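Visitor: Give the three-dimensional model of this entry:
(2 chains)
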Amino acid sequence: MIRNPAKSTTEGAPADVNRRRLLSSLSGVGLFGSAIIAVLSNLIFIKPRATYGQPNRFAIGKPEDFPAGARISLDTRRVCVVREGDKVAAISTTCTHLGCIVSVAETGFACPCHGSHYDQDGYVTSGPAPRALSWYQVTLAPNGDLVVDKDNEVEAGTYLKV
Amino acid sequence: MSTQTVIRSQKGWLALPENIWRSVFRNPLPSSDYGRSSTSFTNFFLHIHPVKVHRHSLKATYTWGLGLMASFLFLILVVTGILLMFYYVPSTTQAYDRMLDLRGTVAFGIFLRNMHRWAAHGMVAVVFLHMCRVFLTGAYKPPREFNWVIGVLLFLVTLFLSFTGYLLPWDQLAFWAITVGTSIAGYAPFIGKDIRFLLLGDSTVGQEALLRFYVLHVAVLPVVLTLLVTIHFWRVRKDGGLAKPEEEEAGAESAFGAQSGPVAVAAPMTMAVAAGAAGSASTTALPKRSFGIQGLVRGPLVKVGSLEDRTLFSWPNLFQAELLVFVISVAAILVVSLFFNAPLEEPVNVMHPPNPAKAPWYFLGLQEQVSYSAFWGGVGVPTIEVLLLLLVPYIDRKQAGIGQWFARERLLANTLFMTFAVINVVLVVIGTFFRGANWEFVSPW
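Guide: So this is what the prediction gives:
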C-alpha cells in the first residue's frame, strides 16, 4: 500500500497538503528550537562553574591580630576589618560605584576613582556611589580564626562578639 | 582582447613568463574603455567595485574617504595584531613582561605596538566621523536604511574591540579601565551582574578576564566585524553605490542601471558582460545581444542616451582615489607611530588604583556621565542613544536632501544629530582634560 509519491504531488489531495504543512512547520520548530538550544548551551558553557581567583570565604587571622579600635584594610581581600571593643566586622572596600578600591580615610572611606565618600559605617556621604558599602558575615572558626564570607552580606552594624 | 589572443598563440619556452603572467592577470594594462571595464570586472580584488562609478561618489569633499579609511585602518590592525600575537601571552604573570619585551628585544616590537594602538584609536575616530558624514549627507534614506543599522553595529563592535584590546597589556591603565568599564556593564538592569560575570569569568578582573578578553579581541570580534563589513560593502553595491542627489541619480541610471555590475546599456558594458559570460578564452566576436542584470535591479527604467553620462570608469579613477586614501592612512599611522609611543604604565597593582582611574578617551564621555549617575550615565542614556541611532532611518523617511552636505530640507535632523554629537564630544573633552584626582574638576592650564 505504498502510494506513488509523484502521484500525490500532482494530485495534491487536501490531506497531503495538510500533512506536508504540518511536517514543514514541525521541522521549522525543530530547527529553530535546536538553534535556540545551541545558543543557550553556549551561554551555559561560557559561564564558569569554578573560578580560579580569590575565594569568597577566607580566614583573616586571630581576633588578637586586630586591636580594639583598629580599621585595617586588607586590600588583596578587598575588605576592611573593623574592631570596636570586643566586636569585629568586615566592610567591603569595593566601591559600589564602579568597583575601585576605596581607601580608609579619617571620615570613613574615600574612593580615588570618582570621588565617592563613605562614613565609618560605609554609608554614602557624597559622590556618585549609589549605595552603602556591603558588610560581610564574620564567624569564628573552631581553630580560633576569624572567617569572612563575602557571599553572605549582613546588615550594616552587625558585629561578631569575640 | 586582441593582445590576449596574440599572446596565447605564442609558443615555445620564451613565452612562458608572459603566459604565466597573462594567466594570473587576465587583462593587460587597459588602454581602451573595453579594457578598463574588463580589468575591474575580471579581477577578484577589483570586482567588488562596479565597472563605472558616478562622478558624485568620487568627489573627495563628499565622502572624505572616511569609510574606506576605516576599513584600511582595520586592515592595518589585523596585520599588526597578528604579528603581535606571535609574542604576546595572555597570562597575568607574563603579559606585562611581554610588553616590555616588545619594547626592548623584539625587532620593531615597539613600532608594531604603536601602530596597533594608534590605528585602533584612529579607527574609533574615523568610524565616528564616517557616521557623521553619512548622517549629514542624508545617506541613510531608503533603500539604505538597513545599511545604516549595520553601520551602527559596526561602530559598537569597533568600540568593543578597542575595549577588549585595552586590557591585554596588563598595566595599571588597562586593569583599572576594565574594572571601571565592566562595572558600568554591571549596572544594566536584571542581566547586568550576569553579563559582568560572563565577561570577566570571575567576580573581579583577573586571569580569567584576561583570557576572555584576549579570545574576544583576537578571534570572536574580528570575525564579527569582518562579516558585518562584508555585508556593509555588499549592500552599498546593491543599493546603487553611494547615495547621491536625485538629479544625479537619474544620470547614473541612464548609464548603467544601478551600478550593479556591467549591464547591457553603454557599449563598453556590453563587451564586459560578453567577456565575463563567455569566459576569457573564446571571446572572438562581440555578441549581438547580451543580458545584464538590470532586470533584477530596483530603480527607474534604463533611459539610454537620454541623459548625460555622469559616470567614470573605476579603472583608473576610483582605484587611484582609493590608493590615495590607503597611502594617506598608512602614512599617517606610520608617522604617528614614529613619534609617539603607546602608553605603558606600571604593572598591575590591584591594591592601588591610579587616581584618577580613567578609561580610554572614547569612553571618557561615558565615564563623565557615570560620575553623575551610574545607571543613567552608564546604561540608561547610552542605551537610549544607541536605540535612537539604530532607528534613525525608520524615523526620518522623508526622501529629500539626499547625497548633499547640510541640505536645507534636513536642517532639523542635522541640527538634532549635531547636538547629540557635540554633547558627546564635549563630555569626552571634559573627561579627558578637565578631570583630575577624585574626578574633581581641574583646569588643564
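Visitor: And what about residue B:444, helix, strand or coil?
Guide: Assigned state for residue B:444: coil (three-state reduction, DSSP: H, G, I helix; E, B strand; the rest coil).
Visitor: And it, how far from chain A?
Guide: 18 Å (CB to the nearest CB, to the nearest Å). (Glycine included, C-beta is placed from N, CA and C.)
Visitor: Roughly how far does the closest residue to that residue other than its chain neighbours sit from chain A?
Guide: Leaving aside its chain neighbours, residue B:444 sits nearest to residue B:433 (4.3 Å; criterion: CB to CB, 6 or more residues apart in numbering or on different chains). If you measure residue B:433 against chain A using CB to the nearest CB, the figure is 17 Å.
Visitor: what's around residue B:433, how many residues?
Guide: 14 (other CB atoms under 10 Å in any protein chain shown).
Visitor: pLDDT of stretch B:166-180, averaged?
Guide: If you average the pLDDT over stretch B:166-180, you get 89.
Visitor: Go ahead and name everything in contact with it.
Guide: A:98-100, A:113, B:88, B:90, B:92, B:95-96, B:99, B:163, B:204-205, B:209-210, B:213-214, B:217, B:343-350, B:353-354, B:357-360, B:363, B:367, B:370 (CB atoms under 8 Å, 6 or more residues apart in numbering or on different chains).
Visitor: now swap in stretch A:69-77 and tell me
Guide: A:54, A:58, A:60, A:66, A:79-84, A:93, A:101, A:103-104, A:120, A:148, B:350-352.
Visitor: Residue 46: how many residues sit nearby?
Guide: No chain specified, so I'll use chain A. Residue A:46: 12 neighbours (other CB under 10 Å).
Visitor: Please refer instead to chain B.
Guide: 16.
Visitor: and it, what does it touch?
Guide: Counted by CB under 8 Å, 6+ apart, residue B:46 has contacts B:39-40, B:314-315, B:319.
Visitor: on contacts alone, who are the packing partners of the strand ranked longest in chain A?
Guide: With DSSP state E applied, the strand covering the greatest number of residues in chain A is identified as strand A:146-154. The elements that strand A:146-154 packs onto, with contact taken as 3 or more CB pairs under 8 Å, 6 or more residues apart in numbering or on different chains; DSSP states H and E, are strand A:57-61, strand A:79-84, strand A:87-92, strand A:135-140.
Visitor: Make CSV out of those strands and add mean neighbour count.
Guide: Rendered in CSV, the data for these read as follows (neighbours: other CB atoms under 10 Å in any protein chain shown):
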stretch, mean neighbour count
strand A:57-61, 15
strand A:79-84, 21
strand A:87-92, 22
strand A:135-140, 19
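Visitor: Out of the ones you listed, which is closest to residue B:397?
Guide: strand A:87-92 (51.2 Å; CB to CB).
Visitor: Identify the neighbouring strands of that closest one in the sheet and state each direction.
Guide: Here strand A:87-92 is paired, per DSSP bridges, with strand A:79-84 (antiparallel), strand A:135-140 (antiparallel), strand A:160-161 (antiparallel).
Visitor: Let me see the residues that make contact with that strand.
Guide: By CB under 8 Å, 6+ apart, strand A:87-92 touches A:60, A:63, A:66, A:78-82, A:109, A:121-122, A:133-138, A:146, A:148, A:150, A:157-162.
Visitor: Does the helix or strand that that strand is followed by reach chain B?
Guide: Using DSSP states H and E, the helix or strand that follows strand A:87-92 towards the C-terminus is strand A:103-105. No: using CB under 8 Å from any CB of the partner chain, strand A:103-105 never reaches chain B; the gap is at least 8.9 Å.
Visitor: In TSV, list the contacts of residue B:46 along with pLDDT and secondary structure.
Guide: Formatted as TSV, those follow (pLDDT from 0 to 100; DSSP: H, G, I helix; E, B strand; the rest coil):
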residue	pLDDT	secondary structure
B:39	85	helix
B:40	85	helix
B:314	87	helix
B:315	85	helix
B:319	91	helix
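Visitor: Going through these, which ones are buried?
Guide: B:39-40, B:314-315, B:319 (16 or more other CB atoms under 10 Å in any protein chain shown).
Visitor: wait, which of those is closest to residue A:126?
Guide: Taking CB to CB as the measure, residue A:126 lies nearest residue B:319 of the buried ones among the contacts of residue B:46, at 60.3 Å.
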